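>>> have a look; sequence and predicted model below, questions after that.
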Amino acid sequence: MNSRRSWLVFAVVVLAYLVSVLQRTSLGVAAIEATDRFGVTAAALSTLAVVQLLVYAALQVPVGVMIDRVGPRFLILLGAALMCAGQVTLALAPDIGTAVLGRVLVGAGDAMTFTSAIRLLASWFEGRALPIVTQLLGTSGQIGQVLSALPLVTLLHTAGWTRTYLSAASLSVVVVVVVAVAVRGRAPAAEAAQSWHQSIRQLRESLARPGTQLGFWSHYVTQPSVTMFSMLWGFPFLSIALGYGPTAAAALLTLVVVTAAVTGPLLGLLSARFPLRRSSIVLSIVALMGAAWVAVLAWPGPPPAWLIIVLIVVIATGGPGSLIGFDFARTFNPLRSLGSANGVVNVGGFTASFVTMFLVGVLLDAIDRLRGGTSIPSELYSLDSFRLAFLVQFLVVALGVVMLLIARRRTRARLHEEEGITVAPLWVVLVRAWRRRRSKGQ
Ligand SMILES: N[C@@H](Cc1c[nH]cn1)C(=O)NCC(=O)O
């Protein structure tokens, strides 16, 4: 555990996840070329992204069960092979139907990578190092998004569609080779289910644990705001509603990755140092996100640029914040069912993200129709429309906060029953500490 070999495994899973995020985001950056190539509308093209993400989300629980049964290494290899096949299919696709098949394969391979990677890390690291390496993994994976936004786009413009996607596919071949060669032998803490029946039973047990539910709701409340913003609605909001234009909008969106790189390790340190306060960290992030959104949406007239930067920085902490959900899964589940528990947690954030993305779109359309239905981008994506449409996330997240508080109460009750640990409310602890300090000073 925590050995030189563990760090080699860490480097390899970072590569696997980084390439997986690159493959995931590699079509979004080629929207205009794809529209031309397949002769489809933007709406038809968006179904490619939706299908890919639906496959990703739908496979989380089955993949979790498979991780517990066949082990994370095999699934990382299978995931990379599927993404390679998906990108080759996309590179050579003569029509949109074949392109959809390519994205389904990419979504399936992607679904296997992150949860397998964090399960593998749990076999090679222990103690305080684990939340930190998990955050580092999450952060470095986001670099894949930057790589698809810069070098991949350059390649697309110089070498063309087929060569670009074949090059992307070759990166997954590199992952297969590196994982096959470098991650060998038994991990110090590896446990596999004896049968599929046992894996399914483990999934049921894992679902019933309040700690897994706390992880699910922690992921659910932290992820939607940043995902819907960086994947879909941030670009029209910044470039059209606020009038910053496409270049500035794209530059501002890279702030999400930069912020995650800084706050991820910090959150890893905080979770490791204060394990009994992880839900308070999650709730603080949610409260900050809520405050930033209220300030932007309630600002009279166009909000100033500094406030938009504050908003992006604050919601970007939701990405690393969501990883605290996996930390709950790890500490409240035995290692043998950690794959299933991580799969369950990952469904939380992605479900909340889809629902929010979809509802914001529905509201933008409805507001446009109420105003006469021009569908002209400057009207469809007006600041006033976004002000109303973005409010829907408060409903989605509020539901998650209520469920998180219920799961937290049940988790703390279980902790008290089974381990005799009592977790006092944070304000009680803070008042006690303040009194202690005051009496020492007197
Ligand atoms: N919230 C993300 C991870 C993350 C870390 N920093 C920014 N985002 C997550 O849960 N990812 C799962 C995946 O498959 O990428």
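Yep, that arrived.

>>> low-confidence ranges, the protein, go.
42-43, 187-193, 441-442 (pLDDT under 70).

>>> who in it is up against the ligand?
Contact residues (C-beta under 6 Å from any ligand atom) of the chain with the ligand: 114, 138-139, 141-142, 223, 260, 264, 319-320, 322-323, 346, 349. C-beta here means a position set from N, CA and C on the backbone, and glycine is covered the same way.

>>> among those residues, which ones are in helices?
Among the residues of the chain next to the ligand, the ones falling in helices (DSSP state H) are 114, 138-139, 141-142, 223, 260, 264, 319-320, 322-323, 346, 349.

>>> got JSON lines for the residues you listed, with neighbour count too?
Supplementary listing: these in JSON lines, determined by neighbours: other C-beta atoms under 10 Å:
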{"residue": "114", "neighbour count": "26"}
{"residue": "138", "neighbour count": "26"}
{"residue": "139", "neighbour count": "23"}
{"residue": "141", "neighbour count": "26"}
{"residue": "142", "neighbour count": "25"}
{"residue": "223", "neighbour count": "26"}
{"residue": "260", "neighbour count": "28"}
{"residue": "264", "neighbour count": "25"}
{"residue": "319", "neighbour count": "27"}
{"residue": "320", "neighbour count": "28"}
{"residue": "322", "neighbour count": "30"}
{"residue": "323", "neighbour count": "27"}
{"residue": "346", "neighbour count": "29"}
{"residue": "349", "neighbour count": "28"}
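
>>> phi first, then psi, for residue 127.
Phi and psi for residue 127, reported as degrees, to the nearest 10, are phi 60, psi -150.

>>> roughly how far apart are the nearest residue to it once chain neighbours are set aside and residue 324?
Of all residues not flanking residue 127 in the chain, residue 2 sits nearest, at 7.3 Å (C-beta to C-beta, 6 or more residues apart in numbering). According to C-beta to C-beta, to the nearest Å, residue 2 stands 21 Å off from residue 324.

>>> find the helix or strand that residue 89 is a member of.
helix 72-92 (DSSP states H and E).

>>> that helix - contacts with which helices or strands?
In terms of contacts (3 or more C-beta pairs under 8 Å, 6 or more residues apart in numbering; DSSP states H and E), helix 72-92 is packed against helix 4-25, helix 60-70, helix 96-124, helix 161-182.

>>> list the contacts for the closest residue to the ligand within the stretch 301-442 of the chain?
Going by C-beta to the nearest ligand atom, the ligand is nearest to residue 319 of the stretch 301-442 of the chain, at 2.5 Å. Residues counted as contacts of residue 319 (C-beta atoms under 8 Å, 6 or more residues apart in numbering) are 138, 142, 222-223, 226, 256, 260, 264.

>>> and if we set it to 6 Å?
226, 260 (C-beta atoms under 6 Å, 6 or more residues apart in numbering).

>>> let me know the secondary structure of the residue nearest to residue 127.
coil (DSSP: H, G, I helix; E, B strand; the rest coil).

>>> gap between it and the ligand?
Separation of residue 2 from the ligand (C-beta to the nearest ligand atom, to the nearest Å): 22 Å.

>>> for that residue, grab the count of nearby residues.
Applying other C-beta atoms under 10 Å, we find 15 residues neighbouring residue 2.

>>> for it, give its distance to residue 130.
Residue 2 is 9 Å from residue 130, by C-beta to C-beta.

>>> same check on residue 100?
To residue 130, residue 100 is 38 Å away according to C-beta to C-beta.

>>> so which of these two has more stuff around it?
residue 130 (23 against 19).

>>> how far away is that one from the ligand?
Counting by C-beta to the nearest ligand atom, the gap between residue 130 and the ligand amounts to 15 Å.

>>> helix or strand: which one has that residue?
Judged by DSSP H and E, residue 130 forms part of helix 129-149.

>>> any idea how far the very next helix or strand once past that helix is from the chain center?
Of the helices and strands lying after helix 129-149 in sequence (DSSP H and E), the nearest is helix 151-159. Chain-centre distance of helix 151-159: 26 Å, with C-alpha atoms, centre = their mean, to the nearest Å.

>>> likewise for stretch 326-346?
16 Å.

>>> related to what we said a few turns ago, buried ones in the helix holding residue 89?
Neighbour-count burial for helix 72-92, counted by 16 or more other C-beta atoms under 10 Å, picks out 72-73, 75-91.

>>> past the strand or helix carrying residue 398, which element shows up next along the chain?
Using DSSP H and E, residue 398 maps to helix 392-419. Downstream of helix 392-419, the next assigned helix or strand under DSSP H and E is helix 426-441.

>>> check which helices and strands that following helix sits against.
If contacts are counted by 3 or more C-beta pairs under 6 Å, 6 or more residues apart in numbering; DSSP states H and E, helix 426-441 sits against no helix or strand.

>>> for stretch 230-239, list the C-alpha coordinates in PDB.
Output in PDB follows, covering the C-alpha atoms of stretch 230-239 (Å, rounded to 0.1, in the frame of the first residue of the first chain):
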ATOM      1  CA  SER A 230     -19.700  23.400 -18.800                       C
ATOM      2  CA  MET A 231     -21.300  20.800 -21.100                       C
ATOM      3  CA  LEU A 232     -24.300  22.700 -22.500                       C
ATOM      4  CA  TRP A 233     -25.700  25.900 -21.300                       C
ATOM      5  CA  GLY A 234     -22.600  27.900 -20.200                       C
ATOM      6  CA  PHE A 235     -21.500  28.600 -23.700                       C
ATOM      7  CA  PRO A 236     -24.800  30.200 -25.000                       C
ATOM      8  CA  PHE A 237     -25.200  32.000 -21.700                       C
ATOM      9  CA  LEU A 238     -21.700  33.500 -21.800                       C
ATOM     10  CA  SER A 239     -21.400  34.100 -25.600                       C
END
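
>>> contacting residues around it?
With C-beta under 6 Å, 6+ apart, stretch 230-239 has contacts from 244-246, 249, 252-253, 256, 357, 360, 381, 386.

>>> so how far is it off the chain centroid?
With C-alpha atoms, centre = their mean, you get 17 Å for stretch 230-239.

>>> do stretch 348-360 as well
Worked out by C-alpha atoms, centre = their mean, stretch 348-360 lies 12 Å from the chain centre.

>>> for that stretch, C-alpha coordinates in CSV please.
C-alpha atoms of stretch 348-360 as CSV (Å, rounded to 0.1, in the frame of the first residue of the first chain):
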residue,chain,number,x,y,z
GLY,A,348,-26.5,10.6,-8.5
GLY,A,349,-24.6,13.4,-10.1
PHE,A,350,-25.3,12.4,-13.7
THR,A,351,-29.1,12.0,-13.1
ALA,A,352,-29.2,15.4,-11.5
SER,A,353,-27.2,16.9,-14.4
PHE,A,354,-29.4,15.4,-17.1
VAL,A,355,-32.6,16.5,-15.4
THR,A,356,-31.2,20.1,-15.0
MET,A,357,-29.8,20.3,-18.5
PHE,A,358,-33.1,19.0,-19.9
LEU,A,359,-35.3,21.3,-17.8
VAL,A,360,-33.3,24.4,-18.6
